[in-house]
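Student: when you get a sec, could you give me coordinates for this:
(chains A and B)
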Number of protein chains: 2
Amino acid sequence: MTTSGLDILALGNAIVDVLARADERFLADQSLAKGSMQLIDEARSATLYGAMGPGTVVSGGSAANTAVGAAALGAKVGFVGKVRNDELGRMFTHDLNAVGVRFDTAAAADGPSTASCLILVTPDGERTMNTYLGACQTLGPDDVDEATVKSARIVYLEGYLWDPPAAKDAFRKAARIAHEAGNRVALTLSDAFCVGRYRAEFRELLRDGSIDILFANIHELKSLYETEDDEAAIAGLKAERVLGVVTRSADGAIVVRDGAVTAVPAHPVEQVVDTTGAGDLFAAGFLAGLARDLDDASCARLGCLAAAEVIGHLGARPQADLAALARRAGLIA
Amino acid sequence: MTTSGLDILALGNAIVDVLARADERFLADQSLAKGSMQLIDEARSATLYGAMGPGTVVSGGSAANTAVGAAALGAKVGFVGKVRNDELGRMFTHDLNAVGVRFDTAAAADGPSTASCLILVTPDGERTMNTYLGACQTLGPDDVDEATVKSARIVYLEGYLWDPPAAKDAFRKAARIAHEAGNRVALTLSDAFCVGRYRAEFRELLRDGSIDILFANIHELKSLYETEDDEAAIAGLKAERVLGVVTRSADGAIVVRDGAVTAVPAHPVEQVVDTTGAGDLFAAGFLAGLARDLDDASCARLGCLAAAEVIGHLGARPQADLAALARRAGLIA
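Tutor: Here you go, the predicted model:
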């Protein structure tokens, strides 16, 4: 990777999604908690794939989706993540390169295959994810290049990196280098269940100054602060020394800065087809706004616009020209 | 494959589609004739993939798409086609099995990889296809099981089978067995360029009684009869001893039986996202109607409904529950 400046360097699990329609009964039969992301092994992945309906295969991965969305909105973006040199790995790599995201983490030559996520989409548009981490399990600190991290104004990290064994060390290394270089570190909490698994560590990251910008949806935030109450969760966030960005589905998003709250409404959506990637694309829009030095409300609006596009179709990667949509909405010039 | 009765046995190229958005300029730069299907070799496929945008991967293949749509509408359907035992081959097989299409053509253990089609979708929703035939090139008469063909009320064959070297022999064998068993043979002309390549042979198939039902869009029909005039093309079809079914995009479809024409309007579509598979799904609906012994107009309406669903999203396989849509439209009970 060249060290010419990046707006955003995203670090995350490199995953290819396989999406299929399913009804509530299928989720119940397969003992799947609707709306969750659960980790599965290769054998379970094969069994579940055999039981599920016809698939649509689209590159995914939370931080990778964010990288793609931000690049589509004009930001200079790099991605760090681990694939294997197999068919899915080549697909994942192609789909980053094709939108101009710099991606040159060395692919694993052996070991587990590229990660895949079996995603069941129910008629209400909700997605239930089943991730086989595969090659992601081999991501480690050696995959983080110091010069690249230094060159990025914001390093963006996904909470899911706590799942593979050594990825959190890559995360910590990237955060340390970024701060030493005077750059900012952003974290997304990823998933309420993920917060449940690593709550203490995530709260410590906020407390010890490792994180400058926090992305969460309201469910994740409530899980973080172990409360059932929206306002209590937001109060918890106000007490942290971070820029907090919270999505609330159809109720739009709020930005918490220095104890003050800025709210923006959701972008109109004709039909919610598949919510996969909604949070990732919100973060993409927000980060692309930060890269353009927009104000908080404008960043959040750009996030809502990108999220609205991605929930209108199957898959977590944009299908429309996000920059054209943003220009039409008057959000960017 | 069991020999319990099938409504439809479809024979075609077994292909996985990779769809990406592209603009007119990209087509021009790559010297692609918009709306066409062109055959490419593996090297060209790799180059074009490298140049094109992020992909959405969905199983395809014209007759296979038709098989899936007809099965979704309740018909008992089998498919004959050749994949290799690789990732894409397993995906293709899964996606047929998942909707109940019987598919047990032996996968190739070596040789070329499973076929893929790189599909560029322009902003107007038109698709331009680039097919690497791969393992399809090894489909031959030995892959056609006599008992299975005998068990099927209709054998459905795609004109694209003239492209691989031995598939037309599989086609002829299936047609002969079907007729000896008193079953019907349907052909789709596939593509105006395909008709250009094999016009004389297709006209001979119609003339010599090999075909009982012909599916075509109006462009293919005009190419078949080498005319620029819609009415002249339809007059040519009237003179054949076949049931003729002709799609006319936004103008709906007509059915030509014993010299008489029945016309039905197109099904309303909110937005044309991607026309890939429109003709295939029209044939699916029509054949599913025949399997239910519906009248010509009802069969054509079912075809228009299935086509309308598939052009509303990326990819040639249905994403909605076609049977539920058909029930809601009062076309099936």
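
Student: check what pLDDT the residue nearest to the spatial centre of chain A gets.
Tutor: Closest residue to the average C-alpha location of chain A: residue A:62 at 2.9 Å, with Cα atoms, centre = their mean. On the pLDDT scale, residue A:62 is placed at 98.

Student: doesn't residue A:188 make contact with it?
Tutor: Yes - the pair residue A:62 and residue A:188 qualifies as a contact (Cβ atoms under 8 Å) at a distance of 6.7 Å. For every residue, glycine as well, the C-beta is placed using N, CA and C.

Student: find the residues that touch each one of these two.
Tutor: Shared contacts of residue A:62 and residue A:188, defined by Cβ atoms under 8 Å, 6 or more residues apart in numbering or on different chains, are found at A:158, A:279-280.

Student: ok and the residue in the stretch 201-333 of chain A nearest chain B?
Tutor: Closest contact between the stretch 201-333 of chain A and chain B, by Cβ to the nearest Cβ, is at residue A:317 (5.7 Å).

Student: my guess is that residue contacts residue A:276. True?
Tutor: No - Residue A:317 is not in contact with residue A:276 according to Cβ under 8 Å; the separation is 9.6 Å.

Student: residue A:251 touches residue A:230, doesn't it?
Tutor: No - with contacts counted by Cβ under 8 Å, residue A:251 stays clear of residue A:230, the gap being 9.4 Å.

Student: between these two, which one's more packed in?
Tutor: residue A:230 (16 against 12; other Cβ atoms under 10 Å in any protein chain shown).

Student: which residues touch stretch A:146-153?
Tutor: Outside stretch A:146-153, the residues that touch it by Cβ under 8 Å, 6+ apart are A:1, A:3-9, A:78, A:80, A:155, A:174, A:177-178, A:181, A:183-184, A:291.

Student: so how far is stretch A:251-267 from its chain's centroid?
Tutor: 19 Å (Cα atoms, centre = their mean, to the nearest Å).

Student: just to be sure, residue A:254 is in a strand?
Tutor: Yes - under DSSP: H, G, I helix; E, B strand; the rest coil, residue A:254 sits within a strand.

Student: can you pull out the helices in the stretch 51-200 of chain A?
Tutor: With helices called from DSSP state H, counting those that start in this stretch, the stretch 51-200 of chain A shows them at A:62-72, A:87-97, A:146-150, A:167-180, A:192-207.

Student: whichever helix or strand comes after the last one packs against which elements?
Tutor: For helix A:192-207, the following helix or strand on the C-terminal side (DSSP states H and E) is strand A:213-217. In this structure, strand A:213-217 packs against strand A:184-188, strand A:243-247, helix A:278-291, with contacts taken as 3 or more Cβ pairs under 8 Å, 6 or more residues apart in numbering or on different chains; DSSP states H and E.

Student: strand A:213-217 pairs with which strands, and in what direction?
Tutor: If you go by DSSP bridges, strand A:213-217 pairs up with strand A:184-188 (parallel), strand A:243-247 (parallel).

Student: dump those strands to CSV, plus mean neighbour count.
Tutor: Conversion of the strands paired with strand A:213-217 to CSV gives the following (neighbours: other Cβ atoms under 10 Å in any protein chain shown):
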stretch, mean neighbour count
strand A:184-188, 24
strand A:243-247, 24
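
Student: could you export the ones you listed as JSON lines, including distance to residue A:225 and mean pLDDT?
Tutor: Formatted as JSON lines, the strands paired with strand A:213-217 follow (distance: least, Cβ to Cβ, whole Å; pLDDT from 0 to 100):
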{"stretch": "strand A:184-188", "distance to residue A:225": "15", "mean pLDDT": "98"}
{"stretch": "strand A:243-247", "distance to residue A:225": "12", "mean pLDDT": "98"}
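
Student: now stretch A:220-227, how far from the chain's geometric center?
Tutor: Using Cα atoms, centre = their mean, the offset of stretch A:220-227 from its chain centre is 18 Å.

Student: give me the residues contacting it.
Tutor: So stretch A:220-227 is contacted by A:189-192, A:194-196, A:199, A:202-203, A:216, A:228-230, A:232-234, A:236-237, A:246 (Cβ under 8 Å, 6+ apart).

Student: quick check: phi and psi on residue A:20?
Tutor: phi -140, psi 150 (degrees, to the nearest 10).

Student: residues in contact with the nearest residue to it once chain neighbours are set aside?
Tutor: Distances taken as Cβ to Cβ, 6 or more residues apart in numbering or on different chains put residue A:53 closest to residue A:20, at 4.2 Å, once the chain neighbours are dropped. Residues in contact with residue A:53, defined by Cβ under 8 Å, 6+ apart, are A:20-22, B:98-99.

Student: cool, residue A:98 as well?
Tutor: Applying Cβ under 8 Å, 6+ apart, the residues contacting residue A:98 are B:20, B:52-55.

Student: make it 6 Å
Tutor: Residues counted as contacts of residue A:98 (Cβ atoms under 6 Å, 6 or more residues apart in numbering or on different chains) are B:53-54.

Student: residue A:252 now?
Tutor: Taking Cβ under 6 Å, 6+ apart, we find residue A:252 in contact with A:264-266.

Student: adding pLDDT and neighbour count, write those out as TSV.
Tutor: Supplementary listing: those in TSV, determined by pLDDT from 0 to 100; neighbours: other Cβ atoms under 10 Å in any protein chain shown:
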residue	pLDDT	neighbour count
A:264	97	18
A:265	96	12
A:266	95	18
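
Student: reformat the residues you listed as TSV; add secondary structure.
Tutor: Formatted as TSV, the contacts of residue A:252 follow (three-state DSSP):
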residue	secondary structure
A:264	strand
A:265	coil
A:266	coil
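
Student: out of those, who's near chain B?
Tutor: Near chain B, taking Cβ under 6 Å from any Cβ of the partner chain as the test, no member of the contacts of residue A:252 is found.

Student: if we can go back for a sec, out of the helices and strands packed on strand A:213-217, nearest to residue A:145?
Tutor: strand A:184-188 (16.2 Å; Cβ to Cβ).

Student: got a list of contacts for stretch A:23-30?
Tutor: By Cβ under 6 Å, 6+ apart, stretch A:23-30 touches A:34, A:128.

Student: let's go with 7 Å and repeat that
Tutor: Stretch A:23-30 is contacted from outside by A:34, A:48, A:51, A:120, A:122-123, A:128, using Cβ atoms under 7 Å, 6 or more residues apart in numbering or on different chains.
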